[in-house]
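Visitor: Pasting a predicted model and its sequence here:
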Amino acid sequence: MDDSSQKLRENRHKTSEAERKSVESQAKLVQTQIVNEEMKKQLKDLAQRLVLSEKEAKTAKFELREARDKAEEDQQLMAEMKKDLENLRNSNYSRRTLQKVSDLAIDTENERLRA
């Protein structure tokens, strides 16, 4: 009986060891599944952020293009305004010169009439 008791104890020990290893394996499997689910959630979140980032990039690109077009329009307008200003200055200079010539002619005529 001793021999069979010893074998029974060894079998129980082997069985409990196998059960312990099985429980540990199942625990690791559950942990792995939990980690996998968390990774899936993180990947999904990253994918959504990437889509938003792409949309923001497209929006920023569009806004940049609009700003560049507006800057070009403004630059053309400034060039036209500078040209108009230069023409106005030249026109005012011409008017002042004509006014001076006219005043001089009137003064000369007045002096001629006095003489």
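Guide: Here it is on my side, so go on. Because the structure is a prediction, the values reported are computed rather than measured.
Visitor: Quick one: mean pLDDT for the helix or strand containing residue 100?
Guide: Secondary-structure assignment from DSSP states H and E places residue 100 in helix 2-114. Mean pLDDT, helix 2-114: 88.
Visitor: Quick one: distance of that helix to the chain centre.
Guide: Relative to its parent chain, helix 2-114 has a centroid offset of 0 Å by C-alpha atoms, centre = their mean, to the nearest Å.
Visitor: Could you name the helices and strands sitting against that helix?
Guide: Helices and strands in packing contact with helix 2-114 are not found; criterion 3 or more C-beta pairs under 8 Å, 6 or more residues apart in numbering; DSSP states H and E. In short, each C-beta sits where N, CA and C put it, glycine included.
Visitor: and residue 99, how many neighbours?
Guide: 10 (other C-beta atoms under 10 Å).
Visitor: quick one, what contacts it?
Guide: Applying C-beta atoms under 8 Å, 6 or more residues apart in numbering, we find residue 99 in contact with no residue.
Visitor: any idea how far it is from residue 90?
Guide: Distance, residue 99 to residue 90, by C-beta to C-beta, to the nearest Å: 15 Å.
Visitor: Residue 84 too?
Guide: Counting by C-beta to C-beta, the separation of residue 84 from residue 90 is 11 Å.
Visitor: Also residue 43?
Guide: For residue 43, the distance to residue 90 - C-beta to C-beta - is 69 Å.
Visitor: just residue 115 next, same as before
Guide: Separation of residue 115 from residue 90 (C-beta to C-beta): 37 Å.
Visitor: More neighbours: which of these two?
Guide: When residue 115 and residue 90 are compared for neighbours, residue 90 comes out ahead with 10 against 5, by other C-beta under 10 Å.
Visitor: so who does that one touch?
Guide: Per C-beta under 8 Å, 6+ apart, neighbours of residue 90: none.
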